[in-house]
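K.L.:
test case, fold it:
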Amino acid sequence: GRWKDAEELEMQVMKIMKRVLGTEHPDTLTSMDNLAYTLKSLGSVEDAVALMKMCVQLHSKNLGSEHPDTLSSSQTLSE
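P.N.:
The predicted model follows:
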C-alpha cells in the first residue's frame, strides 16, 4: 500500500486535531490510533507502541477502562 503517504497525512491530521480539539479529545485520540497503526505497518514498532500506550492511557483516563475506544486501543496495542 501507500503507507508512507498515509503516515504523512495522518501526522498532519493529528497535529491539526491536537491544535483545534486538544490532545485528550476522543477524535484526536482516534487520529493518534490511526497513526500508530500506520507506523506499525511501516515497521516503526517502537514509535507505534509508544503512541498506542499514550492512546490507551488517555482513553482510559477520559472515557474509562471499559469504554469501546479504550478497549479498541488496548486491542491494537496487544497485536
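K.L.:
excluding chain neighbours, what is closest to residue 18?
P.N.:
Spatially, and ignoring its direct neighbours in sequence, residue 18 is nearest to residue 28 (5.6 Å; C-beta to C-beta, 6 or more residues apart in numbering). No exception for glycine: its C-beta is placed from N, CA and C like everyone else's.
K.L.:
ok now do the one you found, which residues does it touch?
P.N.:
14, 17, 18, 21, 22 (C-beta atoms under 8 Å, 6 or more residues apart in numbering).
K.L.:
show me which of those residues are buried.
P.N.:
14, 17 (16 or more other C-beta atoms under 10 Å).
K.L.:
kindly reformat the contacts of residue 28 as TSV and extend each row with distance to residue 32, secondary structure and pLDDT.
P.N.:
Putting the contacts of residue 28 into TSV (distance: C-beta to C-beta, whole Å; DSSP: H, G, I helix; E, B strand; the rest coil; pLDDT from 0 to 100) gives the following:
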residue	distance to residue 32	secondary structure	pLDDT
14	6	helix	96
17	8	helix	97
18	9	helix	96
21	12	helix	98
22	12	coil	97
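K.L.:
between the contacts of residue 28, which is nearest residue 47?
P.N.:
residue 14 (12.7 Å; C-beta to C-beta).
K.L.:
helices along this structure, start to end?
P.N.:
Assigned by DSSP state H, the helices in the chain fall at 3-21, 26-41, 45-63, 68-78.
K.L.:
dump the worst-scoring helix or strand of the chain on mean pLDDT to CSV, keeping only the CA atoms.
P.N.:
Lowest on mean pLDDT, DSSP states H and E among the helices and strands of the chain sits helix 68-78, with a mean of 87. The C-alpha coordinates for helix 68-78 follow below in CSV (Å, rounded to 0.1, in the frame of the first residue of the first chain):
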residue,chain,number,x,y,z
PRO,A,68,-15.1,0.7,23.5
ASP,A,69,-12.5,3.2,22.3
THR,A,70,-10.2,2.2,25.3
LEU,A,71,-10.7,-1.4,24.5
SER,A,72,-10.0,-0.9,20.8
SER,A,73,-6.8,0.9,21.6
SER,A,74,-5.8,-1.8,24.0
GLN,A,75,-6.5,-4.5,21.4
THR,A,76,-4.4,-2.6,18.8
LEU,A,77,-1.5,-2.4,21.3
SER,A,78,-1.7,-6.1,22.1
